[in-house]
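Colleague: What follows is a predicted protein model with its sequence.
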Amino acid sequence: MTGEGSHDFARARRILKTDEFSSVFRLRPTQKSAHFVLYTRPSPLPHARLGIVAAKRFAPRAVTRNTIKRVTRELFRTNEIQAVDCIVRLARPVNTKAGPATNSALKRLLHAELSRLLASQRPRRPAAGSATAAPTP
């Protein structure tokens, strides 16, 4: 199921190819947060797609990188996002080799930060009393 408002993360909802990543990276970042950068581009498809880049130099442990990807996919999957291609890139270190790989505090931080980034991509709804409403005779 790939319809609007779908809660799956099927292959059609992922950015997989290098040229697709490159076409989104060519544009300027849409949003920045303490650890992440969000790149977006209008999608030719009727639904949003997601790509995630978590470099080893910013998250040295695979457990941490996988946690970042898991939290990002879950937020993308459960939030309604307009039809754009999104790439979430880890831009600053989230922890070190000396510290714990993952813990509840890190997961809360990631969830809050990524929620704010993806919230900026929700579809805009017209206000109830806007000028687009039909005038009454």
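Modeller: Arrived safely, thanks for sending.
Colleague: Compute the number of surrounding residues for Lys69.
Modeller: The local packing of Lys69 (other Cβ atoms under 10 Å) involves 17 other residues. For glycine as for every other residue, the C-beta is placed from the backbone atoms N, C-alpha and C.
Colleague: now swap in Ser22 and tell me
Modeller: Other residues close to Ser22 by other Cβ under 10 Å number 9.
Colleague: same question, Lys56
Modeller: 11.
Colleague: for Asn103, same thing?
Modeller: So Asn103, with other Cβ under 10 Å, has 12 neighbours.
Colleague: what about it, distance to Arg14?
Modeller: Using Cβ to Cβ, to the nearest Å, Asn103 is found at 28 Å from Arg14.
Colleague: One more: Pro60?
Modeller: 25 Å.
Colleague: Next, give phi and psi for Leu110.
Modeller: phi -60, psi -50 (degrees, to the nearest 10).
Colleague: for the residue nearest to Lys56 when sequence neighbours are not counted, helix, strand, or coil?
Modeller: Counting by Cβ to Cβ, 6 or more residues apart in numbering, Lys56 lies nearest to Arg65, which is 7.2 Å off, once chain neighbours are set aside. With DSSP: H, G, I helix; E, B strand; the rest coil as the basis, Arg65 sits in helix.
Colleague: Return the residues in contact with Arg65.
Modeller: Ala54, Lys56, Ala59, Leu90 (Cβ atoms under 8 Å, 6 or more residues apart in numbering).
Colleague: I'd like to know which elements the helix or strand bottoming out on mean pLDDT in the chain is packed against.
Modeller: None of the helices or strands of the chain scores lower by mean pLDDT, DSSP states H and E than helix 18-25, at a mean of 80. Where contact means 3 or more Cβ pairs under 8 Å, 6 or more residues apart in numbering; DSSP states H and E, helix 18-25 is packed against strand 36-42, strand 49-53, strand 84-90.
Colleague: Among those strands, show me which one is buried the most.
Modeller: Stretch with highest mean neighbour count among the helices and strands packed on helix 18-25: strand 84-90 (a mean of 22; mean count of other Cβ atoms under 10 Å).
Colleague: could you give the mean pLDDT of it?
Modeller: This predicted structure assigns strand 84-90 an average pLDDT of 89.
Colleague: Nice, that's everything, thank you.
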